[in-house]
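**Q** Just the structure for this:
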Amino acid sequence: MSFNRRFQGVAVQSLLKNIIWICIIAILVLVPSLSLPGLYNIRNGQVIFFSSFITIIFFFCILMICSQKKIALEITRIDILLCIAVLYIALDRFLSPLPSAFSLRFIELIGLSAFYIILRQYRVNYIIFFYACVLGGAVQAIYGLLQLYGIYPSNNSYFPLTGNFSNPGPYAGYILSGLSISIALYIYKDDLRILKIFRGKVPEKTGMQIKMFFLVISLSLMAISITACKSRASWFAIFVGGLFLVYHKLKPIFFKRVAKFKWLIVSLAVTMTLAILFLLYDINKDSANGRVLVWGTSRELLSKHLYTGIGFDRFSVDLMGRQARYFENHALSAYSNVAGEIRYPFNLLLLYLSEMGIFFTILVLFFCYRIFSSGSGTLAIIAKFTLLAQIVFAFFSYSEQVLAIKINIVCIVAFLAAQDNRISEARLGKHTWQAMKYIFISACIVISFFSLRYLKKLHSAFTDWDTAFQLYSGKQYMDAASFYASAHPVLAGEGDFLFQFGNAALKTGAYGDALKILGKSESKLNSYSVQLAKGECYRKLNQSLLAKKVYLEASYMVPSRLYPRYLLAIYCLELDQKKQAISIAEDILKIKVKIISPATEEMKNSMRIVIENRDLSPKEILNHLKINGR
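**A** Numbering: from 1, shown residues only. Predicted coordinates for the structure are as follows:
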């Protein structure tokens, strides 16, 4: 009888463990390719799915804990550093003098923290998770290539290939993680045996052939798609990671024989790296200079908030305002034609310095040092190669904003943390655990209940947002405004949502309400588009000084865009300020347009009409514009 109970207990433990790792594989494979219907924005659907799935896994973890007679938790230095980092962000968010509001990044952080804990406590052979990352990347590579050949539509009209992302940048970053793992698994194919779960069921030779076929096909698909993305950051990341891989692969054989030339080899590698970096810069200088502009305009932000930072998820609040001040004081800057509407610094280190300050950044650097110091086996080398490639990519992109990339990174970090030196092991004996079990389980159930309840509200809010957006696109502004109002209590801190809500209120003629909503949007996400909408509100409310001020602010934010100055010129004519309108028209004709389109040509032609009719009254000039359909 006792034997049967023990056997049943082991069987239940094994079943629950298998369910947990199957759910983890589902997350790694499905989240990047997921697009929930009826929700605004692909990322929102991915967050809902990921968070819900994590809660489900959490439930199975509770069941597994219930079936255990005692508990043992191992803690490493990496675990401690990650715990400090998460607590640092949480304290910064909730103890900040600024009011806490909705943040999708913070919701992701909570889910990723839970995912890390699950991986650390209920791990199986991590190689199966690495293969899941490769499979997820291969699926996205196929999807992207189908877009490239016109079989599936792209998510961005400017780019033919985006995968299940908004543009090629984050798509390339995600493909990079799968490609890195597949390259390393192929190179170290002889060091890694067939997956343990297939041993005894599949012959070793057959298993090796299946593995090689899968890796070669996946690697080829991802290599083609990442090349088609034209993402220079991903190419450079692969090169730098490749140097790391070559070093570890050849170290036992090659470097012992040429030890006296090691500094020459290092110098050659550094020279090659710099040369390739320069060549990649030269391919598209405008794009690279745009990033340099963002890094430059962030220096003032760093100098003023070096120690504490401006707060988690607040970089997009300050950046465009500082860019406007730069161009206001440097009207002839060479960067005028490469400036755009930016939300991220395109540099992970700069993001951490700006938002969280220097102490948090030092903590992150120490964490990176610890990560690359842990583990020495083949899988550890594969994990470090993949992580290094992602870090290099993050110095030129905004991969920290992409959930699918962060999920893969958490999986890799959890594996390396398991390889780190254990500093403590917390054990709860049978009697202690029995006394604490029900309190712990009750607390977990309460947390799960409120998490699912919040996710349900969030899902409903995202659904209302999508409905409102569809109605707004169909010019049903009154109906759209009502759906925005329905979602507002949950999404009151989401900058994009508030901007759209404010625009809908503007279209319905509620200019005062629109201005209040846009003001809240500006405090969460200050942008060129927000300033234009505010200008229209002030214009309708006959507040001419404020209208002109925000139109100018928008024109300083992105100097190469004609629309703010065009609106200002027309508004000056309406205010009977002909000289100022003519001066603005002359400035518009001097601006080099970044992207020539029918709209830009029409605006320039309108300004030519203004200048050609400078001897007429402002009303007569406006009549000329109306006659010409402008």
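
**Q** What is the neighbour count of the closest residue to I409 other than its chain neighbours?
**A** In this structure, I409 finds its nearest non-sequential neighbour in Q390, 6.0 Å apart by Cβ to Cβ, 6 or more residues apart in numbering. No exception for glycine: its C-beta is placed from N, CA and C like everyone else's. For Q390, the neighbour count with other Cβ atoms under 10 Å is 25.

**Q** element containing Q390?
**A** Secondary-structure element containing Q390, defined by DSSP states H and E: helix 378-394.

**Q** do N542 as well
**A** Counting by DSSP H and E, N542 is part of no helix or strand.

**Q** Kindly report the same for the one 4 residues further on.
**A** According to DSSP H and E, L546 maps onto helix 544-557.

**Q** got it, and I75?
**A** Assigned by DSSP H and E, I75 belongs to strand 71-76.

**Q** After that strand, heading C-terminal, what element do we hit next?
**A** helix 77-94.

**Q** which helices and strands does that following helix pack with?
**A** If contacts are counted by 3 or more Cβ pairs under 8 Å, 6 or more residues apart in numbering; DSSP states H and E, helix 77-94 sits against helix 104-121, helix 348-373, helix 403-419.

**Q** any residues touching stretch 208-222, and which ones?
**A** 131, 134-135, 137-138, 141-142, 145, 175, 178-179, 182-183, 185-186, 189, 194, 202 (Cβ atoms under 8 Å, 6 or more residues apart in numbering).

**Q** same question, stretch 141-156
**A** 33, 42, 160-167, 171, 175, 178, 218, 221-222, 224-226, 228-229.

**Q** Just the buried residues of those residues.
**A** 42, 161-167, 171, 175, 178, 218, 221-222, 225-226, 228-229 (16 or more other Cβ atoms under 10 Å).

**Q** Among the residues you listed, which lie within helices?
**A** I42, Y171, I175, G178, S218, L221, M222, S225, I226, A228, C229 (DSSP state H).

**Q** what would the residues you listed look like in JSON lines with distance to F396?
**A** Formatted as JSON lines, these follow (distance: Cβ to Cβ, whole Å):
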{"residue": "I42", "distance to F396": "23"}
{"residue": "Y171", "distance to F396": "15"}
{"residue": "I175", "distance to F396": "15"}
{"residue": "G178", "distance to F396": "19"}
{"residue": "S218", "distance to F396": "25"}
{"residue": "L221", "distance to F396": "24"}
{"residue": "M222", "distance to F396": "19"}
{"residue": "S225", "distance to F396": "19"}
{"residue": "I226", "distance to F396": "14"}
{"residue": "A228", "distance to F396": "18"}
{"residue": "C229", "distance to F396": "13"}
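
**Q** now for those, which pair is the farthest apart?
**A** Maximum pairwise distance among these (Cβ to Cβ): 22.8 Å, between I42 and S218.

**Q** worst-scoring helix or strand of the protein, pLDDT-wise?
**A** None of the helices or strands of the chain scores lower by mean pLDDT, DSSP states H and E than strand 422-428, at a mean of 62.

**Q** So which elements touch the helix or strand where A468 lies?
**A** Counting by DSSP H and E, the element that carries A468 is helix 430-473. Packing partners of helix 430-473 (3+ Cβ pairs under 8 Å, 6+ apart): helix 42-66, helix 477-487, helix 495-507.

**Q** at 6 Å instead, please
**A** Packing partners of helix 430-473 (3 or more Cβ pairs under 6 Å, 6 or more residues apart in numbering; DSSP states H and E): helix 42-66, helix 477-487.

**Q** Show residues contacting the longest one.
**A** Contact partners of helix 42-66, identified using Cβ atoms under 6 Å, 6 or more residues apart in numbering, comprise 16, 19-20, 23, 27, 31, 34-36, 39, 111, 114-115, 118, 403, 441, 444, 448, 451-452, 455, 459, 462.

**Q** Just want the angle from it to helix 403-419.
**A** Orientation check (axes from the mean of the first three to the mean of the last three Cα atoms, to 10 degrees): helix 42-66 against helix 403-419 gives 30 degrees.

**Q** which of the residues in helix 42-66 are buried?
**A** 42-58, 60-61, 64-65.

**Q** what about the helix holding L546, distance to the chain center?
**A** Averaging C-alpha positions (Cα atoms, centre = their mean, to the nearest Å) puts helix 544-557 30 Å from its chain's average.

**Q** Which positions within it qualify as buried?
**A** Result for helix 544-557 [16+ other Cβ under 10 Å]: buried residues A547, K548, V550, Y551, L552, E553, A554, S555, Y556, M557.

**Q** How about the fifth one: what's its closest non-neighbour residue?
**A** Read it as L552. Nearest one to L552, counting by Cβ to Cβ, 6+ apart, is L568 at 6.8 Å.

**Q** Not counting the strand or helix carrying that neighbour itself, show me its contacts.
**A** For L568, the host element (DSSP H and E) is helix 563-574. Contact with helix 563-574 is made by Y551, A554, S555, Q580, A581, I584, A585, I588, M603, P618, I621, L622, as judged by Cβ under 6 Å, 6+ apart.

**Q** The helix or strand just after that helix: which residues count as buried?
**A** Moving toward the C-terminus from helix 563-574, the next helix or strand (DSSP H and E) is helix 578-590. Residues K578, A581, I582, I584, A585, D587, I588 are the ones in helix 578-590 that count as buried (16+ other Cβ under 10 Å).

**Q** and the gap between the third one and L541?
**A** With distances defined as Cβ to Cβ, to the nearest Å, the gap from I582 to L541 amounts to 26 Å.

**Q** The fifth one too?
**A** Spatial separation of A585 from L541 under the definition Cβ to Cβ is 25 Å.

**Q** Could you do the second one as well?
**A** In this structure, A581 and L541 are 21 Å apart, going by Cβ to Cβ.

**Q** Just give the nearest non-adjacent residue to the residue most central in space within the chain, would you?
**A** For the chain, the residue sitting closest to the mean C-alpha position, by Cα atoms, centre = their mean, is Q401 at 1.6 Å. Leaving aside its sequence neighbours, Q401 sits nearest to Y344 (Cβ to Cβ, 6+ apart; 6.3 Å).

**Q** Hmm, S397 and the one you found touching each other?
**A** No. Using Cβ atoms under 6 Å, Y344 makes no contact with S397, being 8.3 Å away.

**Q** of these two, who's got more company?
**A** Using other Cβ under 10 Å, the more surrounded residue of Y344 and S397 is S397, with 26 against 18.

**Q** Can you read off the pLDDT for the more buried one?
**A** Listed pLDDT for S397 reads 86.

**Q** got it, and L87?
**A** You'll see L87 listed with a pLDDT of 92.

**Q** neighbours of it, just the number please.
**A** The number of residues packed near L87 is 10, by other Cβ under 10 Å.

**Q** before we move on, back to that, hey, C-alpha coordinates of the helix holding L568 in CSV?
**A** Extracted in CSV, the C-alpha atoms of helix 563-574 (Å, rounded to 0.1, in the frame of the first residue of the first chain):
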residue,chain,number,x,y,z
TYR,A,563,3.1,69.8,-42.2
PRO,A,564,3.4,71.8,-38.9
ARG,A,565,4.9,74.8,-40.6
TYR,A,566,2.3,74.5,-43.4
LEU,A,567,-0.5,74.6,-40.8
LEU,A,568,1.2,77.5,-39.0
ALA,A,569,1.4,79.5,-42.3
ILE,A,570,-2.3,78.9,-43.1
TYR,A,571,-3.2,79.9,-39.5
CYS,A,572,-1.2,83.1,-39.7
LEU,A,573,-3.1,84.0,-42.9
GLU,A,574,-6.4,83.4,-41.0
